[in-house]
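K.L.:
Build the 3D model from these lines:
(4 chains)
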There are 4 protein chains.
Amino acid sequence: MVVVLKPDTKEEQIENLKVWLSSMGISTHISRGVNHTIVGLVGDTSVVDMDLVRALDIVENVQRIQEPFKNANRKFHNADQVVDIAGVKIGGGNFQIIAGPCSVESEAQVCEIAERVKAAGAGLLRGGAFKPRTSPYAFQGLKGDGLKLLVEAKQLTGLPIVSEIMNAVHIPMFEESVDLVQVGARNMQNFELLKEVGKMSKPILLKRGLANTIDELLMSAEYIMASGNENVILCERGIRTFETRTRNTLDLSAVPVLKKLTHLPIVVDPSHAMGYAHLVKPMAMAATVAGADGLMIEVHNNPAKALCDGPQSLTPDQFDDVAKQVFQLRPFACKYDY
Amino acid sequence: MVVVLKPDTKEEQIENLKVWLSSMGISTHISRGVNHTIVGLVGDTSVVDMDLVRALDIVENVQRIQEPFKNANRKFHNADQVVDIAGVKIGGGNFQIIAGPCSVESEAQVCEIAERVKAAGAGLLRGGAFKPRTSPYAFQGLKGDGLKLLVEAKQLTGLPIVSEIMNAVHIPMFEESVDLVQVGARNMQNFELLKEVGKMSKPILLKRGLANTIDELLMSAEYIMASGNENVILCERGIRTFETRTRNTLDLSAVPVLKKLTHLPIVVDPSHAMGYAHLVKPMAMAATVAGADGLMIEVHNNPAKALCDGPQSLTPDQFDDVAKQVFQLRPFACKYDY
Amino acid sequence: MVVVLKPDTKEEQIENLKVWLSSMGISTHISRGVNHTIVGLVGDTSVVDMDLVRALDIVENVQRIQEPFKNANRKFHNADQVVDIAGVKIGGGNFQIIAGPCSVESEAQVCEIAERVKAAGAGLLRGGAFKPRTSPYAFQGLKGDGLKLLVEAKQLTGLPIVSEIMNAVHIPMFEESVDLVQVGARNMQNFELLKEVGKMSKPILLKRGLANTIDELLMSAEYIMASGNENVILCERGIRTFETRTRNTLDLSAVPVLKKLTHLPIVVDPSHAMGYAHLVKPMAMAATVAGADGLMIEVHNNPAKALCDGPQSLTPDQFDDVAKQVFQLRPFACKYDY
Amino acid sequence: MVVVLKPDTKEEQIENLKVWLSSMGISTHISRGVNHTIVGLVGDTSVVDMDLVRALDIVENVQRIQEPFKNANRKFHNADQVVDIAGVKIGGGNFQIIAGPCSVESEAQVCEIAERVKAAGAGLLRGGAFKPRTSPYAFQGLKGDGLKLLVEAKQLTGLPIVSEIMNAVHIPMFEESVDLVQVGARNMQNFELLKEVGKMSKPILLKRGLANTIDELLMSAEYIMASGNENVILCERGIRTFETRTRNTLDLSAVPVLKKLTHLPIVVDPSHAMGYAHLVKPMAMAATVAGADGLMIEVHNNPAKALCDGPQSLTPDQFDDVAKQVFQLRPFACKYDY
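P.N.:
Residues are numbered from 1 along each chain as shown, chains lettered A, B, ... in the order given. Here you go, the predicted structure:
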């Protein structure tokens, strides 16, 4: 961290600053320029609150040189992390499509979709059992029963299962049945939940929050990893902007940016980002060639109520087409050599 | 809710839509215009997922007419809600300043600040015991010990205390010691936590998330109220934008917008929104005349390390000045008559 | 346009509304529902200011059904627009890379780059002669002399040239020398300039503004087309968000969204959006498979000052690699059938 | 400007950097720390493109210490700028309300409003003659005839007039008739227009763009001032965010932030920011106590079509009330002492 002091800073104030930083285990390197004095911080500056330093009376400006994340930092872990999910690998050249319904509704539904997405090449089955809903009056998912249906679909197809956890009290249930535990966008900075899933034996899929920076995503991964769980997969799922033609704005550049900063695998979820089925295919294709380690795509079957095929979920037939395109593009995907 | 169908929608599809809506208890009123058929939804449309309907193949567009919040809706609760916090009232013409340190550090610190802010006219004492920190390596607060120090300060000064809860497992501890339980911006859509604090006997201070709309804030209040706790105070504390001269952008217009939509009291926190002490006073003054029911202001004492007076916290002397200005302006505040 | 009136609207007010709309040539279709009266607007609603209607006292809500753009609307122009730029075609299956330096600096520079990008497969040469700069003290481009150097490079290579216009007084100069006239992001809503370039004989490349929606981009295209110039190419170049790891956030979903709304070709500029050379390649690849009709990429040669190769511009060798990848992917690009 | 180099930077590269900077008249001060070498730039760094430096291969990070604006910088012009508009002063303790219709429609309209707002205490009359409209099909204003009507209203009331210019070719017309020339939000970075109005003899009201930072606003003021016109008034009118309950988000903190950075007067326009008349009063009051030097408020009279009183414009009676509240609060406004 480099701190630029204001021109009129007194020696006594600089001394105070050094003492305060020293109390956090940080030593300092002072450089006096023509107009400004610059203080270089040496040591583990991840403990230093940058906003606090920036707001000091004597500080003109401050900037980090070292990233405040360590476990998630490629600088200290050069090789790509390969995450093993019940035998299915993501990262380090291993690419997977995670597919399945938004919400688990019935055995027939989840099993039929599981078989269809497996046949199309998906490597993991997703399905929501506990659903974060903006309204307390909306359907909140089948909960424990939903997880049981997912397990049945897994037994049928062999596909490992992915589902979202919203409450640490459900951890034993998830440990037992879920292969890849998802932390949703709204809980990306639920630090208490991050600490707890960091103690799980299962890998974690961490989704980027709607208004969170890439650095904040990495700091949340750091929470999980600092609790002992190194198997974290990051997921870009769109950020909130002023544009209203899509539900969110998919920040695909997060893929190459993250590839440089971290060794963790990166998955892209075009379904939630877009909010409309017809936009999923081009964004899935784009994410693939941008070098994502996987995709997360919603698939829905609904022979009875044809009405509900409309939204962000693809039909199994549409998914077949997307998967075909994606696997065709995969050999041409951008490769990173960091 | 009004649903506009595409020009080429078939009768059979309209029938399917009616059946599907009917399964949710919603009846429909069909109106055939020159080009478009319009479906009016009658009943409790708060159960209908608007995004789902909008994405249906046959739907051109959809718009809500009724707000999806009920308990928090002024239409059904015309009179301002007055929240009683251990005898101190907020709302319905009652205005309070909530002041205190960002983090509780020591008995001396919190007690000295408590006495100073009380003398200046603050009605409640705030202090962080459990701290949400972006980095897992940063100081996470004194936790239970911090709450004990707040209780001591309360005994000394009589000021009810406000502190942030981050985990439902701490609810018994908060029930015992805290008078107004804060749910922070990062947990505004931690629906599991909202449901649990909705069962508490203490009032809740709900902060707006950094990227959450005013409607989402009201839906989160609705979660708390639907669980049985009607004593919710809303707090505007800045939203995330592209501007970097302030930590966040304080959306002061949230005050008049919320006054029309809800009967719940609205408090403004200029300290967190701005991130710099010198911007707190003008924004505190502006929030007061805009008709806020209260302010939340960080105050820090630090005679020994003069260094730390810089950040977003005011010194007690600076707070004296802000409080004086605010109380002077209070009689001229904008009044709402909804 | 569908206008939902408030429950207590009086007949007289509805009558006033009808008269006012009628004065704009709009007839109305009234539908009385259980709670709300709905007014359907029939006619050319593109003349109606939606914000004005929404803010009327008697209006609960309003929504457009017809898009307010006509010339730019695919509904009225089903076939893809093919824009011919001095013999080089973009759109309707024709894909081009536009490459060249950010600023034209010298004959040697622009000619060397022109030859290199041509060899790599670029179809057009870009180069800034008039530069929009945030600071009045920064280099503002070689202006007319820059255009002359571009013309020389064109004579040498045969590549048509693309350059940004900032002032309508330069139109004669651009008519004479430039093949594709660029309107930059900062001028996307400089309506006076749009009207004037709409009278030019040359095709226009219209860049999306940093904080402009896709609909606003189309309305600006509409300005140009309404003045008589149908040859408009749209360009996505990143929007402003809170993320700071990239200069802007490239909204790649604008490609499929625009493909549905308009028949105009869409080009993507990853160089300006990203701000860092190492992010250009993955985003160029992603844009290609997402179905963009072209790319706009900055290329810089600088044998003498190796220092300046760093920024958003690629070296000719890096561009060779990007172009190779892009052309390899082009056959697999997403196809749209609207 | 302080440039932090990457750890592995070679001496030769540092030498190249120094030569390059020297070619721009910048000398350097090198400081070698434990891990990083830091380069302090000495001289007029406003000519240096920070993005370009940041993107150099050898650069880890870069930060400005000096602001890149000079003429607009309070550091070099300590006393508040007082702008004299045909005898009416704004800034340096002089507060004015600028009021009038959005669009000039007729002599009766503009004269009646002018008399009403004058009676209520407004110091200047605003009125749109040339209107920037998103749609080419919408009413674009009465243009020159509109300016003539404003002049008539000025002759009647003595109120100086404010109107927006969109095209430099209209400068002679504006020089002749308008007292304060407005550059609108969409033209804030129309640098060609800024240069031209910088040569006018009349003061300029510069509105902040919808997605422009405070620093960019100051750089645009710098353009005007660098052309010779020191009489610039800045105007905050709301920025674009994700919130949809207001048309834009009024960034009131721009007032105290700008007060510290610049000596130029700051005016707030709550009408355009909010988009709804009922939100204008609280925001006008808040802006006043935050220390704005003036307000810009839309007022509309429409005895015949009561319908159009709804939108963002106040009726004369509503304006009377707002003005009364504002003048009552003015003595209590936040004072800045920089």
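
K.L.:
For the closest residue to A:L210 other than its chain neighbours, give me the pLDDT.
P.N.:
Leaving aside its chain neighbours, A:L210 sits nearest to A:R240 (4.4 Å; criterion: CB to CB, 6 or more residues apart in numbering or on different chains). No exception for glycine: its C-beta is placed from N, CA and C like everyone else's. At A:R240 the predicted local confidence, pLDDT, stands at 96.

K.L.:
mind listing what the residue in chain A positioned nearest to chain C touches?
P.N.:
Nearest residue of chain A to chain C (CB to the nearest CB) works out as A:A286 at 3.8 Å. When contacts are counted by CB atoms under 8 Å, 6 or more residues apart in numbering or on different chains, A:A286 touches A:252, C:252, C:286-287, C:289-290.

K.L.:
how about the residues you listed, which pair is most distant?
P.N.:
Spatial extent of the contacts of A:A286 (CB to CB) is set by the pair A:L252 and C:V289 at 11.1 Å.

K.L.:
Return the residues in contact with the residue in the stretch 201-338 of chain A positioned nearest to chain B.
P.N.:
Going by CB to the nearest CB, chain B is nearest to A:A211 of the stretch 201-338 of chain A, at 2.7 Å. Applying CB under 8 Å, 6+ apart, we find A:A211 in contact with A:239-240, B:209-211, B:240, C:242.

K.L.:
nearest to A:T262, of those?
P.N.:
A:I239 (18.0 Å).

K.L.:
returning to what we had before: filter the contacts of A:A286 down to the ones in strands?
P.N.:
When DSSP state E is applied, the contacts of A:A286 are split such that none fall in strands.

K.L.:
Turn those into a markdown table, columns for pLDDT.
P.N.:
As requested, the contacts of A:A286 are exported to a markdown table (pLDDT from 0 to 100):
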| residue | pLDDT |
| --- | --- |
| A:L252 | 98 |
| C:L252 | 98 |
| C:A286 | 98 |
| C:A287 | 98 |
| C:V289 | 98 |
| C:A290 | 98 |
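
K.L.:
still on that earlier bit, return the member of the contacts of A:A211 nearest to C:A122.
P.N.:
Out of the contacts of A:A211, the member with the shortest distance to C:A122 (by CB to CB) is A:I239, at 32.0 Å.

K.L.:
So A:S201 belongs to a helix, correct?
P.N.:
No. Under DSSP: H, G, I helix; E, B strand; the rest coil, A:S201 sits outside any helix and is assigned coil.

K.L.:
That one and chain D, how far apart?
P.N.:
With distances taken as CB to the nearest CB, to the nearest Å, A:S201 is found 37 Å from chain D.

K.L.:
correct me, but that residue touches A:E175?
P.N.:
Yes. When contacts are counted by CB atoms under 8 Å, A:S201 is listed as touching A:E175 (6.6 Å).

K.L.:
The two: which is more packed in?
P.N.:
Between A:S201 and A:E175, counted using other CB atoms under 10 Å in any protein chain shown, the more crowded position is A:E175 (12 against 9).

K.L.:
so what's the more buried one up against?
P.N.:
A:200-202.

K.L.:
restrict those to contacts with chain B.
P.N.:
Subset of these in contact with chain B: empty, counting by CB under 8 Å from any CB of the partner chain.

K.L.:
residues in the stretch 101-250 of chain A within reach of chain C, list them.
P.N.:
Counting by CB under 8 Å from any CB, the residues of the stretch 101-250 of chain A that sit close to chain C are A:211, A:213-215, A:239, A:241-246, A:249-250.

K.L.:
can you pull out the strands in the stretch 51-200 of chain A?
P.N.:
A:59-63, A:83-85, A:88-90, A:96-100, A:124-126, A:161-165, A:180-183 (DSSP state E, counting those that start in this stretch).

K.L.:
how about the lowest-mean-pLDDT helix or strand in chain A: buried residues?
P.N.:
Between all helices and strands in chain A, the lowest mean by mean pLDDT, DSSP states H and E belongs to helix A:50-54, at a mean of 78. Neighbour-count burial for helix A:50-54 flags A:50, A:52-54 (criterion: 16 or more other CB atoms under 10 Å in any protein chain shown).

K.L.:
Tell me how chain A divides into domains.
P.N.:
According to automatic domain parsing, chain A comprises the domains A:2-63, A:74-332.

K.L.:
Would you mind finding the most buried of these?
P.N.:
domain A:74-332 (a mean of 22; mean count of other CB atoms under 10 Å in any protein chain shown).

K.L.:
chain center to that domain, what's the gap?
P.N.:
Relative to the centre of its chain, domain A:74-332 is centred 9 Å away, using CA atoms, centre = their mean, to the nearest Å.

K.L.:
what does stretch A:7-25 give?
P.N.:
With CA atoms, centre = their mean, you get 38 Å for stretch A:7-25.

K.L.:
Is that stretch in proximity to chain D?
P.N.:
No. Stretch A:7-25 lies apart from chain D when judged by CB under 8 Å from any CB; the minimum separation is 9.2 Å.

K.L.:
follow-up on the earlier one: how about the strands of the stretch 51-200 of chain A in JSON lines, adding distance to C:Q155 and mean pLDDT?
P.N.:
Below are the strands of the stretch 51-200 of chain A laid out as JSON lines (distance: least, CB to CB, whole Å; pLDDT from 0 to 100):
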{"stretch": "strand A:59-63", "distance to C:Q155": "47", "mean pLDDT": "82"}
{"stretch": "strand A:83-85", "distance to C:Q155": "56", "mean pLDDT": "98"}
{"stretch": "strand A:88-90", "distance to C:Q155": "53", "mean pLDDT": "98"}
{"stretch": "strand A:96-100", "distance to C:Q155": "51", "mean pLDDT": "97"}
{"stretch": "strand A:124-126", "distance to C:Q155": "57", "mean pLDDT": "97"}
{"stretch": "strand A:161-165", "distance to C:Q155": "59", "mean pLDDT": "98"}
{"stretch": "strand A:180-183", "distance to C:Q155": "59", "mean pLDDT": "98"}
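
K.L.:
and of those, who's closest to chain D?
P.N.:
Closest to chain D of those is strand A:59-63 (CB to the nearest CB; 5.1 Å).

K.L.:
ok, which stretches of chain A are helices?
P.N.:
A:11-22, A:50-54, A:107-120, A:144-157, A:171-177, A:191-197, A:214-226, A:254-261, A:270-274, A:280-289, A:316-329 (DSSP state H).

K.L.:
Any idea which of these has the lowest pLDDT on average?
P.N.:
Taking the mean pLDDT of the helices of chain A, helix A:50-54 comes last: a mean of 78.

K.L.:
Are there helices or strands packed against it, and which ones?
P.N.:
strand A:59-63 (3 or more CB pairs under 8 Å, 6 or more residues apart in numbering or on different chains; DSSP states H and E).

K.L.:
The strand it packs on - contacts with which helices or strands?
P.N.:
Strand A:59-63 packs on strand A:2-5, helix A:50-54, strand D:59-63, going by 3+ CB pairs under 8 Å, 6+ apart.

K.L.:
how about the first one, does it reach chain D?
P.N.:
Yes. In terms of CB under 8 Å from any CB, part of strand A:2-5 sits within range of chain D, namely A:2, A:4.

K.L.:
Which neighbours in the sheet does that strand have, and how are they oriented?
P.N.:
strand A:37-42 (antiparallel), strand A:59-63 (antiparallel) (DSSP bridges).

K.L.:
Alpha carbons only: can I get that strand in PDB?
P.N.:
Output of strand A:2-5 as PDB, limited to C-alpha atoms (Å, rounded to 0.1, in the frame of the first residue of the first chain):
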ATOM      1  CA  VAL A   2       1.300   3.400  -0.900                       C
ATOM      2  CA  VAL A   3       0.000   6.400   1.100                       C
ATOM      3  CA  VAL A   4       0.500   9.900  -0.300                       C
ATOM      4  CA  LEU A   5       0.500  12.600   2.500                       C
END
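
K.L.:
which other residues reach it?
P.N.:
Taking CB under 8 Å, 6+ apart as the rule, strand A:2-5 contacts A:14, A:17, A:36-41, A:53, A:58-63, A:65, D:2, D:4, D:36, D:38, D:61, D:63, D:65.

K.L.:
Now with 6 Å, please.
P.N.:
A:36-40, A:58-63, D:2, D:4, D:65 (CB atoms under 6 Å, 6 or more residues apart in numbering or on different chains).
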